[in-house]
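*Asks:* task: produce atomic coordinates for the following.
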Amino acid sequence: MANKEKLTKINNELKVFINESSFISMKCRNKLLKYFSEDFKVNLDISNYKNVDLKLKEDGTVIYREDTYKSDISSFEELEERYTSFKEKAEKLISKKEIDFNNMSNMNNVTNLLILIGLIMLCIIILIFGIIALISGDWFDCLWFVVVFVPWIFPKLRNSLQNRLIQAKNYLKSLLKKV
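*Replies:* Model (predicted):
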């Protein structure tokens, strides 16, 4: 592979690293740029710019946000060695900081199941209190329960319970398909 093709590949990978780290956070992107500065021995202005463009040239100069920085690279092989070192650090940083949506989703689904169990238990307790008030002849508590408490809590509880029940059902179906 010719030097120009390798350099094009390196510059494309640099763009990918910057985009991935920017997606994670500005802090991650700035850390990635610090790694680049250390490996290529250039003093980049690492500020919280919205857009960052980083490009290497064959002679080892670095173009960063339309500014040119000169490094002490003497050959293309040295440029490749430094880039390889930077690439290892960048991949490690991005894989460590990467957001795992699957685990977050599973945690949310497990939390939903726990809340659903709690809501069902709350409904059962409320029903038991109502039945006890009716059986014991405590008409005032039973009337208060029917007229005030049930209309106040059940419309909100019913909608929440239905939404959580649908989400839990979908999660359990997906678990059963995996098994």
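*Asks:* by residue count, what's the longest helix in this protein?
*Replies:* Secondary structure of the chain per DSSP state H: the longest helix is helix 101-135.
*Asks:* mean confidence for that one?
*Replies:* Averaged over helix 101-135, pLDDT sits at 77.
*Asks:* can I get the next helix or strand after it in CSV? Just the C-alpha atoms.
*Replies:* Next helix or strand after helix 101-135 toward the C-terminus (DSSP states H and E): helix 139-144. Extracted in CSV, the C-alpha atoms of helix 139-144 (Å, rounded to 0.1, in the frame of the first residue of the first chain):
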residue,chain,number,x,y,z
TRP,A,139,-69.4,2.9,56.6
PHE,A,140,-67.7,6.2,56.9
ASP,A,141,-64.2,4.7,56.0
CYS,A,142,-65.8,2.7,53.2
LEU,A,143,-67.7,5.7,51.8
TRP,A,144,-64.5,7.8,52.0
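*Asks:* quick one: the following helix or strand past helix 139-144 to helix 101-135, angle?
*Replies:* Going down the chain from helix 139-144, the next helix or strand is helix 150-178, by DSSP H and E. Between helix 150-178 and helix 101-135, the angle comes out at 140 degrees (axes from the mean of the first three to the mean of the last three Cα atoms, to 10 degrees).
*Asks:* start to end distance for stretch 134-145?
*Replies:* End-to-end distance for stretch 134-145, by Cα to Cα, to the nearest Å: 10 Å.
*Asks:* buried ones in stretch 65-75?
*Replies:* For stretch 65-75, burial by neighbour count (16 or more other Cβ atoms under 10 Å) applies to 69, 71, 73. Glycine gets a C-beta too; all of them are placed from N, C-alpha and C.
*Asks:* touching, the last one and residue 40? I think so.
*Replies:* Read that as residue 73. Yes - the criterion here is Cβ atoms under 8 Å, and residue 73 meets it with residue 40 at 7.3 Å.
*Asks:* what's around residue 164, how many residues?
*Replies:* Each residue near residue 164 was counted by other Cβ atoms under 10 Å, and the total is 18.
*Asks:* which residues does it contact?
*Replies:* 112, 115-116, 119 (Cβ atoms under 8 Å, 6 or more residues apart in numbering).
*Asks:* quick check, nearest of the buried residues of stretch 65-75 to residue 143?
*Replies:* residue 69 (80.3 Å; Cβ to Cβ).
*Asks:* wait, isn't the closest one in contact with residue 44?
*Replies:* Yes - with contact defined as Cβ under 8 Å, residue 69 counts as touching residue 44 (6.7 Å).
*Asks:* what do those two both touch?
*Replies:* Counting by Cβ under 8 Å, 6+ apart, the residues touching both residue 69 and residue 44 are residue 62.
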